[in-house]
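Trainee: here's my sequence, what's the structure:
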Amino acid sequence: MLVVVADTSPIRYLVQIDHIELLAQLFGRVIIPTVVAQELRHPSAPPGVQSWINAPPPWLEISSQTATDDPELDQLDPGERSAIELGIAVKADLILIDERRGAAAAAGRGLTTTGTIGVLDLAAERGLVDLRSAFDRLKTTNFRYRRAMLDELIERRSRPKSE
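Mentor: Numbering: from 1, shown residues only. Alright, predicted model coming up:
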């Protein structure tokens with residue numbers, strides 16, 4: 001089974017678009033650091049996200065793994081930093097992280113990353129979600145994205161598969 005660690009934003013946006021269960025379907029189990037759980041509970045988080053993390057599903061593990069002393073990660077926000085540190089500690093196969101700087105920092109430490117878009121694309125590839133519908137829902141949030149990238153993924157998924 002894959003070891004998957006998540007930062008705040010992929011969890012937040014998948015909850016907001018009602019596709020959070022895709023994580024369980026795709027990966028079985030996801031680990032988040034305590035800092036990420038705290039960010040999801042923060043009063044500025046959408047009420048649905050707060051409700052979800054206050055009654056987490058059995059496939060979500062919240063880890064209190066202690067932080068490492070990596071000063072290069074100080075430029076990142078606490079959730080990103082703690083997700084990367086946890087990923088290193090548990091030898092994660094995958095880190096779910098949306099922010100470019102965080103993904104670059106994780107990749108620089110040998111970790112494989114994907115974000116909300118990557119999760120939705122993988123789910124669409126496996127027939128678990130309609131990508132256009134999921135992206136339409138994502139566009140109703142404050143998620144930042146490049147429109148051309150979303151359009152390209154939708155077009156690629158709608159092409160007939162060659163034999």
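
Trainee: mind listing the helices for the chain?
Mentor: Counting by DSSP state H, the segments of the chain that form helices are 8-16, 21-27, 34-41, 47-54, 78-89, 100-107, 116-125, 131-138, 147-158.

Trainee: so what's the gap between the last one and the chain middle?
Mentor: The chain centroid and the centroid of helix 147-158 are separated by 19 Å, computed with CA atoms, centre = their mean, to the nearest Å.

Trainee: that one: which residues count as buried?
Mentor: Neighbour counts over helix 147-158 (16 or more other CB atoms under 10 Å) mark Leu150, Leu153, Ile154 as buried. Heads up, the C-betas are built off the backbone N, CA and C, glycines and all.

Trainee: residues near the nearest residue to the last one once chain neighbours are set aside, how many?
Mentor: Spatial nearest neighbour of Ile154, chain neighbours left out: Arg132 (5.2 Å); criterion: CB to CB, 6 or more residues apart in numbering. Here the neighbour count serves as a burial measure; for Arg132 (other CB atoms under 10 Å) it reads 16.

Trainee: what pLDDT does Arg132 get?
Mentor: Arg132 is assigned 90 on the pLDDT scale.

Trainee: repeat that for Glu152.
Mentor: 81.

Trainee: quick check: it vs Gly118, distance?
Mentor: 13 Å (CB to CB, to the nearest Å).

Trainee: contacts only, for Phe131.
Mentor: That one is not Phe; residue 131 is Leu. Leu120, Asp121, Ala124, Leu153, Ile154, Arg157 (CB atoms under 8 Å, 6 or more residues apart in numbering).

Trainee: what sits against the residue lying closest to Asn54 once chain neighbours are set aside?
Mentor: Leaving aside its sequence neighbours, Asn54 sits nearest to Arg41 (CB to CB, 6+ apart; 6.7 Å). Residues near Arg41 by CB under 8 Å, 6+ apart: Gln50, Ile53, Asn54.
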